[in-house]
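Q: the amino acid sequence is not available; the structure is as follows:
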């Protein structure tokens, strides 16, 4: 994609578009907003493709991060979501069900405080400052707890990928080991 290969963009969209749509649906109630969010995320990824560093994150992680930021920005420009609480927990039809189950398991493996912060930040779109106000915890604690939770989620999902992937893992090659 960094070389402006439209076929590469189409392949990434085919692979990861459903993940971005599912993430956006968790945050945004309007279908048009969800579609616009996914398109905007891929447009931003297209523009920033030259800065992508596979040593820092996988393409999926990079794209989902961009999609999450776009969705949060759209959410903050809207009225608060008025979906009932049960709707937030409803399963999303898009995306690989195995990966959704792995993510749900990873979130459940967090301690209760980390799980609450992840849900409020990533599923509800609250900023760090809002999390501090909502939970009554110091801002520094919020940031460090969220960072620890994200590391734990990543480690849990990396372990799940290692156990269930049929594809070779090239992370070891990037780190200079045998693959």
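A: Happy to help now that I have it. What you see is a predicted model; the values in this text were computed from it and never measured.
Q: residue contacts, the residue nearest in space to the middle of the chain?
A: What sits nearest the mean C-alpha location of the chain, by C-alpha atoms, centre = their mean, is residue 64, with 4.3 Å. Residues in contact with residue 64 (C-beta atoms under 8 Å, 6 or more residues apart in numbering) are 16, 19-20, 23. C-beta here means a position set from N, CA and C on the backbone, and glycine is covered the same way.
Q: in the helix or strand that it is a member of, which residues are buried?
A: Element membership of residue 64, judged by DSSP states H and E, is helix 59-76. Of all the residues in helix 59-76, those buried under the rule 16 or more other C-beta atoms under 10 Å are 59-60, 62-64, 66-68, 70-72, 74-75.
Q: what is the most widely separated pair among those residues?
A: 59 and 75 (24.2 Å; C-beta to C-beta).
Q: report the contact partners of the residue nearest to residue 75 when sequence neighbours are not counted.
A: What sits nearest to residue 75 in space, not counting adjacent residues and going by C-beta to C-beta, 6 or more residues apart in numbering, is residue 125, at 4.3 Å. Contact analysis of residue 125 by C-beta under 8 Å, 6+ apart lists 27, 71-72, 75-76.
Q: the same query, at a cut-off of 6 Å, please.
A: Going by C-beta atoms under 6 Å, 6 or more residues apart in numbering, residue 125 touches 27, 72, 75.
Q: counting contacts, what elements does the top helix by length along the chain pack onto?
A: Longest helix of the chain, by residue count under DSSP state H: helix 139-164. Secondary-structure packing of helix 139-164 (3 or more C-beta pairs under 6 Å, 6 or more residues apart in numbering; DSSP states H and E): helix 97-108, helix 112-118, helix 128-135.
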